[in-house]
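Peer 1: this one's structure only:
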C-alpha cells in the first residue's frame, strides 16, 4: 500500500512529536506534514500560497486551539470540511458538541491529549488505514 499523507495541525512541538511518534508506533505507513497555526492550516487545506503543490491529506489531526485561527474557524473557512478525514486533538472537552454538530466529527475522532496508542487506534480513520496496511 502507498503511504498515506497525514497532516498534523499543531502548534505545540512536544504534542506534535508525541502524536507523530504514536502514529509510527502503531505501524501506520505514512508521510507526515505539519503546520503550526490556523492560517497555515487553511492555506494547506485549500492548497494556496506556499502549499499550492502539497498532496491532499488522507488523514488530518487538528488541534482545536491554535494561534491566529482555532480549529472551528479553520473548518468554517474550508468549504469541504465535512468531507475531510479529521481527528480533533485537544486538551478540552468544551467544543466537542460544536465539532460534532457543525462538522460531523464523531466522538471516536475527538481525541483528548495526551493521545495514547489505544485511543488513537480507536479512531475510525486510523482503523481504516491500519486495516489496509
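Peer 2: Structure received. Note that the structure is a prediction, hence the values are computed from the model and not measured. Residues are numbered from 1 along each chain as shown.
Peer 1: Could you give me the buried positions within the helix ranked longest in the chain?
Peer 2: Using DSSP state H, we find that the single longest helix of the chain is helix 13-26. For helix 13-26, burial by neighbour count (16 or more other CB atoms under 10 Å) applies to 15-16, 18-20, 22-23, 26. To be clear about C-beta, it is placed using only N, CA and C from the backbone, and glycine gets the same treatment.
Peer 1: got the contact list for that helix?
Peer 2: With CB atoms under 8 Å, 6 or more residues apart in numbering as the test, helix 13-26 has contacts from 6, 8, 10, 30, 32, 34, 61, 63, 89, 113-117, 120-121, 126, 130.
Peer 1: Please convert the buried members of the residues you listed into PyMOL selection syntax.
Peer 2: The buried subset of the contacts of helix 13-26, as determined by 16+ other CB under 10 Å, is captured in PyMOL by this line:
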select buried, resi 6+8+10+30+32+34+61+63+89+113+115+120+126
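Peer 1: Take the contacts of helix 13-26 and keep only those in strands.
Peer 2: Among those, the members falling in strands (DSSP state E) are 6, 8, 30, 32, 34, 61, 63, 89.
Peer 1: which one is the second one nearest to, not counting chain neighbours?
Peer 2: The reference is to residue 8. Spatial nearest neighbour of residue 8, excluding adjacent residues (CB to CB, 6 or more residues apart in numbering): residue 34 at 4.3 Å.
Peer 1: Next, the contact list for the one you found, please.
Peer 2: So residue 34 contacts 7-10, 16, 20 (CB under 8 Å, 6+ apart).
Peer 1: what does residue 78 give?
Peer 2: Residue 78 touches 42, 45-46, 84, counting by CB under 8 Å, 6+ apart.
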